[in-house]
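1. The sequence and its predicted three-dimensional model are supplied below.
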Amino acid sequence: MFTRSRRNLAYWFALSMGGILVLFAGVSYCLSVEGQLQAFDQALSKKSRAIASGATVRFQQGQWQIEPDDAPWMGSDRLSRSSELVYVRWYNTRGYLVRFIGLPAPLRLKPVSEFQTIVVADDQAGTTATGLWLRQATLPVLQNQQLVGYLQVGEPLTGIRDGLERVRLFLALGVPMTLGVIGVTGWFLGGVAMQPTRRAYDQLQRFTADASHELRAPLAAMLSNAQVGLLSPDDSAQQRLRLEKIVAAAKSMGALISNLLFLSRQEGPLDAASLKQVDLVVMLRSLIDDQTTQVTAQGLTFTSQLPAQAVILNADPDLLRQAVMNLLSNAFKYTSPGGSVQLRLSTSSRFAVIQVEDNGIGIPAADLPHIFERFYRVDTARSRQTGGFGLGLAIAQQIIAAHRGRITASSALEAGSTFQIELPLKG
């Protein structure tokens, strides 16, 4: 699936970028042709006007007569070798040929545009090529703002054609090579772009597998107790025990479903309108009072260090209480009888810092980066004995992140763990 998606991404990337490249190359080529022709026409126009300025114009027999001079750029009947012009033609005001030098000229001037690209046949051009490409300029000759005739010159486009041939060769080789590079780049970028999707898909698969496994255990307990209750004789004490097991399994499933719903729904920071002013000192004292009896029964020592003054911040009190409670529950769960758990609260210039420290079994260094992942357990067998689904730390991290804070952990195996929450103080 991912290979196909990566291939499709590379294909569409190469297609879009290739289309842009081809369009850019085509537009650049057209602009290059237009720019070179414009510069060529300007130079040809200057030459034509220089030739026209050397002609003698007389008014005879009721019309203007043009008498071209034999300038240095032309011989008696042909252009000199130093000239780049192929022909020069003079026409009178009625469009009849007066004189020409170079290639033969039509006797009558046809209506043409000022500048025109033409191809001269082999027998006319005297070349072995397929034809000579010329740029022809046909310009009116004016005397005292009055038309006295026309001058037509032609110059080869050999230089421009050679330059454009090199450009076409460059594009013919460069564009396919660039398209190949774009394709390889698209394949590489497609792989990079698919990595988050692949990780999310793998996490979803693990999440689904773990959730299914966790739900299967209480369902199996409920089913077995119900089936035994149907088969066994009527014994009120046994029936009550089985019903209590079914209720406990149902509560376990309900807690798991609630946790899963919270993890799926609560994404991103909390809405500021839903936050309230919370005094962390008061909230933590309430937690300590609630847990003292249970901790004493487990044979643990539970101490606290809280500041005398209030520590106020904007938070959702229920969610924040749940996050701290999850850390305390983990500490109580993985600390052996006779051990100790300490809850501390302090402040810095911008943050309130909550620390939960224990001297329990600790977390191996290899597992420490993964403890906030959903359903992750450091020791699966021991975790199942102590209960829980491996969601407590994931929920705590999500709650703290929703409050724009952060949670970190440090631990040493068989030496204990310390979890630290940093929350922004009320501004």
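-> In hand now; what should we look at? Numbers count the residues shown, from 1 in each chain.

2. low-scoring stretches of this protein, by residue?
-> Regions of the chain meeting the criterion pLDDT under 70 cover residues 1-2, 54-83, 122-130, 203-218, 221-223, 225-235, 242, 252-268, 374-390, 427.

3. need the strands for it, in chain order.
-> Taking DSSP state E as the test, the strands found in the chain are 56-60, 63-67, 87-91, 97-102, 115-120, 132-143, 146-156, 276-279, 301-305, 312-315, 340-347, 351-358, 406-412, 416-424.

4. Include distance to residue 329 when you put those strands into JSON lines, please.
-> Every residue, glycine included, has its C-beta placed from N, CA and C. As requested, the strands of the chain are arranged in JSON lines below (distance: least, CB to CB, whole Å):
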{"stretch": "strand 56-60", "distance to residue 329": "111"}
{"stretch": "strand 63-67", "distance to residue 329": "110"}
{"stretch": "strand 87-91", "distance to residue 329": "101"}
{"stretch": "strand 97-102", "distance to residue 329": "103"}
{"stretch": "strand 115-120", "distance to residue 329": "88"}
{"stretch": "strand 132-143", "distance to residue 329": "89"}
{"stretch": "strand 146-156", "distance to residue 329": "92"}
{"stretch": "strand 276-279", "distance to residue 329": "20"}
{"stretch": "strand 301-305", "distance to residue 329": "12"}
{"stretch": "strand 312-315", "distance to residue 329": "20"}
{"stretch": "strand 340-347", "distance to residue 329": "10"}
{"stretch": "strand 351-358", "distance to residue 329": "10"}
{"stretch": "strand 406-412", "distance to residue 329": "15"}
{"stretch": "strand 416-424", "distance to residue 329": "11"}
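
5. Please work out which of the ones you listed is packed deepest.
-> For those, average neighbour numbers computed from mean count of other CB atoms under 10 Å are highest in strand 87-91, which has a mean of 23.

6. That one vs strand 115-120, what angle?
-> 120 degrees (axes from the mean of the first three to the mean of the last three CA atoms, to 10 degrees).

7. which other helices and strands contact strand 87-91?
-> Secondary structure elements in contact with strand 87-91, counted by 3 or more CB pairs under 8 Å, 6 or more residues apart in numbering; DSSP states H and E, are strand 97-102, strand 146-156.

8. hang on, the earlier thing: among the strands of the chain, which is nearest residue 34?
-> Each of the strands of the chain has some distance to residue 34 by CB to CB; the shortest is strand 115-120, at 12.2 Å.

9. and the closest one, what does it pack onto?
-> Strand 115-120 makes packing contacts with helix 2-53, strand 132-143 when contacts are defined by 3+ CB pairs under 8 Å, 6+ apart.

10. Quickly compare those and say which is most buried.
-> By mean neighbour count, with neighbours taken as mean count of other CB under 10 Å, strand 132-143 ranks first of the helices and strands packed on strand 115-120 at a mean of 18.

11. That one pairs with which strands, and in what direction?
-> When pairs are called by DSSP bridges, strand 132-143 turns out to pair with strand 115-120 (antiparallel), strand 146-156 (antiparallel).

12. Dump that strand to PDB, keeping only the CA atoms.
-> These are the backbone C-alpha positions of strand 132-143, laid out as PDB (Å, rounded to 0.1, in the frame of the first residue of the first chain):
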ATOM      1  CA  LEU A 132      18.700  29.900 -47.100                       C
ATOM      2  CA  TRP A 133      16.600  31.600 -44.300                       C
ATOM      3  CA  LEU A 134      16.500  35.300 -44.600                       C
ATOM      4  CA  ARG A 135      15.100  38.200 -42.700                       C
ATOM      5  CA  GLN A 136      13.600  40.700 -45.100                       C
ATOM      6  CA  ALA A 137      13.000  44.300 -44.300                       C
ATOM      7  CA  THR A 138      10.700  46.400 -46.600                       C
ATOM      8  CA  LEU A 139      10.900  50.100 -45.600                       C
ATOM      9  CA  PRO A 140       9.300  53.200 -47.100                       C
ATOM     10  CA  VAL A 141      11.700  55.900 -48.200                       C
ATOM     11  CA  LEU A 142      10.500  59.400 -47.300                       C
ATOM     12  CA  GLN A 143      11.600  62.800 -48.700                       C
END
